[in-house]
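Student: Here you go, sequence then predicted model.
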Amino acid sequence: MSIVMKEPMIAILFPVIFILLLIPFFAEAQGDFRKGFIVRNDNDTVQGFIDYRTPARNSKVCFFKKSNKSKKEKFNALELKGYGFYEGLYYAAKQISTGENDSTLAFVQILAKGYANLFLYHGVYYLETDRTYKLPRKNKAKIVNIEGGKSVKIEDKRYVNLLNYLLKDCGIDAKNTRYQRNELIRLVNDYNKCKNDSRILVKRLPIAKVNFLVTGGIDRTSLQSEEFSSVGFKPNSALLFGGGIEFSSPRISNKVFLFVDLFSQSKLYQTSNEYPSGYYVPLITREEILIKTMVLKTSFGIRYNFFPGNNTPYVKVGVVDYSFNDTFKNVVATTESEINNEHFVTINSYQDKWSSNDARWDKSSRIGFCMSFGYSNFMLWKLKMFAEVRFERVEGYLAPFLGTSSKSSSAIGLIGIRL
């Protein structure tokens with residue numbers, strides 16, 4: 001489908017794109033607080049909510065709330081022994097080496113714990129046994145030329161040699177272990193099992209998650225059309241049904257989602273028109289016009305949850321596109337006249353039908369914007385439900401017989417199931 005961008009279309013899309021770009025910054029400013037705990041220096045554990053941020057930021061400070069409504073507190077590695085998320089992400093305050101003669105006190109991510117502990121800090125892994133050892137980051141292999149015009153490939157094995165030395169009492173060989181998170185966790189867990197001291201296995205949040213939605217509701221639409229600008233259309237109410245898909249990345253944020261919705265509905269536009277007609281005899285003609293069209297609506301955009309967890313209000317902003325199937329027009333024209341003091345009434349009716357593959361069908365853009373406010377995941381009959389109020393505005397070629405510049409504004413009430 002080709003899209004012809006007109007000035008009104010740009011006026012619609014610009015604020016939508018602007019809001020979509022602002023949402024990630026708004027989400028960052030609000031924080032992504034998830035259930036967790038902090039461990040104070042006196043070993044007191046306090047439950048609450050921890051701001052989930054990037055690993056680099058998590059290593060510097062911890063933002064903590066005792067409840068969603070509490071004021072957030074800021075802690076550094078001097079003030080806490082550690083903190084964690086109940087989803088399976090833990091940080092401990094450790095003095096670690098960052099260079100030959102440099103060290104720092106920071107929150108390091110705990111990847112494995114037991115007789116030996118595996119930490120991660122700014123992309124570098126550390127192994128703690130009798131003390132903390134920095135596992136040198138693997139450099140690219142070097143190609144070295146030797147005599148005879150030959151060359152050899154020399155790989156960086158420093159971290160492998162250090163691991164073999166530290167884990168030799170269990171006969172563990174790290175020669176096939178890559179400098180990669182899962183492989184190092186597996187290696188250290190095997191060592192701790194050998195020592196009968198494997199206390200926790202750290203879970204890693206999924207990089208992607210998909211939710212499916214089944215939705216129904218009622219649509220209240222107001223229509224303006226250049227073809228009937230003098231009379232207007234009555235507001236139309238109609239049921240609609242559909243579904244959608246939501247994409248998220250819990251490892252990055254559990255408050256921002258991408259969504260795609262698809263709805264099907266029948267729209268009924270009604271209006272009446274009265275005008276004088278006739279040349280020799282004065283006539284008055286009244287038309288009752290009914291236009292019925294099947295609409296398939298597709299929308300996509302961003303959803304932002306205001307609070308972490310399942311039960312939360314949210315806002316959605318996106319772009320919506322209308323596509324149409326068969327469209328029917330029915331006109332009943334009543335003409336009245338007075339001739340020699342006698343009253344005459346003539347009633348005529350005619351119909352027309354257009355299909356989406358009709359040559360007369362305008363293929364120009366029908367894109368607009370949508371915005372929703374809702375509440376997610378309240379339980380009803382053991383189902384995860386959501387309720388939503390949605391606003392849409394679309395302009396362009398909305399249906400045959402309406403002209404090429406029509407405007408549709410809709411208020412929609414939705415209720416659905418999140419699978």
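Tutor: Great, that's in hand. Numbering: from 1, shown residues only.
Student: Any buried residues in stretch 240-257, and which?
Tutor: 240, 242-244, 246, 248, 253-257 (16 or more other Cβ atoms under 10 Å). To be clear about C-beta, it is placed using only N, CA and C from the backbone, and glycine gets the same treatment.
Student: actually stretch 87-100, not the one I typed
Tutor: Those would be 89-94, 96, for stretch 87-100 by 16+ other Cβ under 10 Å.
Student: Filter the residues you listed down to just the ones in strands.
Tutor: 89-94, 96 (DSSP state E).
Student: any chance of those residues in a markdown table, plus pLDDT and distance to residue 132?
Tutor: Output for these, formatted as a markdown table (pLDDT from 0 to 100; distance: Cβ to Cβ, whole Å):
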| residue | pLDDT | distance to residue 132 |
| --- | --- | --- |
| 89 | 85 | 20 |
| 90 | 91 | 16 |
| 91 | 93 | 15 |
| 92 | 93 | 11 |
| 93 | 93 | 12 |
| 94 | 91 | 7 |
| 96 | 87 | 6 |
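Student: What strands line up against the helix or strand encompassing residue 221, and which way round?
Tutor: Assigned by DSSP states H and E, residue 221 belongs to strand 209-225. Sheet pairing for strand 209-225, assigned by DSSP bridges, gives strand 236-249 (antiparallel), strand 406-418 (antiparallel).
Student: Of these, which is nearest residue 346?
Tutor: strand 236-249 (29.2 Å; Cβ to Cβ).
Student: starting at the chain centroid, how far to the closest one?
Tutor: 14 Å (Cα atoms, centre = their mean, to the nearest Å).
Student: how about residue 52, what does it touch?
Tutor: Residues in contact with residue 52 (Cβ atoms under 8 Å, 6 or more residues apart in numbering) are 32-34, 58, 85, 89, 253-254, 308.
Student: Provide the backbone phi and psi angles at it.
Tutor: As for residue 52, its main-chain torsions (degrees, to the nearest 10) stand at phi -90, psi 110.
Student: Would you map the helices across this protein?
Tutor: 7-30, 55-58, 158-166, 181-194 (DSSP state H).
Student: Check which residues of stretch 270-277 are buried.
Tutor: residue 271.
Student: List the beta-bridge partners for the nearest residue to residue 320 once chain neighbours are set aside.
Tutor: Once flanking residues are discounted, residue 320 sits nearest to residue 299: 4.0 Å by Cβ to Cβ, 6 or more residues apart in numbering. Beta bridges link residue 299 to residue 261, residue 320 when assigned by DSSP bridges.
Student: Now for residue 299: which residues touch it?
Tutor: 259-261, 263, 318-321, 370, 392.
Student: quick revisit: pick the one among the contacts of residue 52 closest to residue 76.
Tutor: Using Cβ to Cβ, the contacts of residue 52 come closest to residue 76 at residue 58, 11.8 Å.
Student: Pretty sure the closest one sits against residue 110.
Tutor: No. Counting by Cβ atoms under 8 Å, residue 110 is not a contact partner of residue 58; they are 11.7 Å apart.
Student: quick one on the thing from earlier: state the pair within the buried residues of stretch 240-257 that is farthest apart.
Tutor: Of all pairs in those, the most separated under Cβ to Cβ is 240 and 253 at 30.1 Å.
Student: pLDDT below threshold where in the stretch 51-200 of the chain?
Tutor: For the stretch 51-200 of the chain, the stretches flagged by pLDDT under 70 are 100, 141-142, 144, 146-149, 154, 198-200.
Student: residue boundaries of the strands in it?
Tutor: 61-65, 73-76, 80-85, 89-97, 103-114, 117-121, 124-128, 132-135, 142-145, 151-154, 198-201 (DSSP state E, counting those that start in this stretch).
Student: and the first one, how far from the chain's centre?
Tutor: What separates the centre of strand 61-65 from the centre of its chain is 25 Å, taken as Cα atoms, centre = their mean.
Student: Check which helices and strands that strand sits against.
Tutor: Other helices and strands packing on strand 61-65, by 3 or more Cβ pairs under 8 Å, 6 or more residues apart in numbering; DSSP states H and E, are strand 33-40, strand 45-51, strand 73-76, strand 80-85.
Student: Is it possible to get JSON lines of the ones you listed that adds mean neighbour count and distance to residue 384?
Tutor: Listed next are the helices and strands packed on strand 61-65 as JSON lines, based on neighbours: other Cβ atoms under 10 Å; distance: least, Cβ to Cβ, whole Å:
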{"stretch": "strand 33-40", "mean neighbour count": "19", "distance to residue 384": "18"}
{"stretch": "strand 45-51", "mean neighbour count": "18", "distance to residue 384": "21"}
{"stretch": "strand 73-76", "mean neighbour count": "13", "distance to residue 384": "32"}
{"stretch": "strand 80-85", "mean neighbour count": "20", "distance to residue 384": "22"}
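Student: between those, which gets nearest to residue 233?
Tutor: Using Cβ to Cβ, the nearest of the helices and strands packed on strand 61-65 to residue 233 is strand 33-40, at 47.0 Å.
Student: contacts for that closest one?
Tutor: Looking at what lies outside strand 33-40 - Cβ under 8 Å, 6+ apart - the contacts are 45-52, 62-65, 68, 72, 75, 79-87, 254, 307-309.
Student: Repeat the analysis, applying 7 Å as the threshold.
Tutor: 45-52, 62, 64-65, 68, 75, 80-87, 254, 308 (Cβ atoms under 7 Å, 6 or more residues apart in numbering).
Student: what does stretch 102-118 give?
Tutor: Taking Cβ under 7 Å, 6+ apart as the rule, stretch 102-118 contacts 55, 58-60, 62, 77-78, 90-98, 119-121, 125-129, 181, 184-185, 188-189, 191-192, 195, 197-200, 202.
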